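Participant: Pasting a predicted model and its sequence here:
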Amino acid sequence: MSLNAAVLPVELGADGRLGVPEDGRSAGWWKDTAPPGSRRGTTVIAGHVDTRRGAAVFAPLIRARTGDLAQVTTAAATFSYRVRAVTVRRGDALPTELFRTGGPPRLVLITCTGPYQPGSGYRDRLYIDARESARP
């Protein structure tokens, strides 16, 4: 799994859905979660799997497997995470465990998957759950 993208801060919309950058080339860090590289808590980054123009920033996530390495580079350092689980959930409802502010450093990547439904988008969400494997 390989991808490289700018990560921009995003928040929940009025409809309760997690915002993602519209351009398809950038990913969005949910600013109500731990910042990338935090020593504690869950960092949530979401991105599109595709757009009308084709594959988008998180298209490679459909090939993610347990044990894969994910790295997040900030101005301070590069942080490495090992994928522990790849899960598909139906709908837009965010799992409550994403709201954890404590615990060991954790990275959750989210994108769309499953059948596409005209008018409402993809039915399912793909969650990549990774734990920090090395601290710089």
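Facilitator: Perfect, I can see it now. Residues are numbered from 1 along each chain as shown.

Participant: OK, contacts around the most centrally placed residue in the chain?
Facilitator: Central residue of the chain (Cα atoms, centre = their mean): residue 109, 2.1 Å from the mean position. Residue 109 makes contact with 45, 46, 47, 58, 61, 64, 70, 127, 128, 130 under the criterion Cβ atoms under 8 Å, 6 or more residues apart in numbering. C-betas here are computed from N, CA, C, even on glycine.

Participant: May I ask you to confirm that the fourth one is in contact with residue 49?
Facilitator: To tie it back to what came earlier, the one meant is residue 58. Yes - contact between residue 58 and residue 49 holds when scored by Cβ atoms under 8 Å: they sit 5.4 Å apart.

Participant: Who is residue 130 paired with across the strands?
Facilitator: residue 83, residue 107 (DSSP bridges).

Participant: now it: how far from residue 20?
Facilitator: 19 Å (Cβ to Cβ, to the nearest Å).

Participant: Identify the bridge partners of residue 45.
Facilitator: Bridge pairing for residue 45 - DSSP bridges - gives residue 29, residue 109.

Participant: Just the local confidence number for it, please.
Facilitator: According to the prediction, residue 45 has pLDDT 95.
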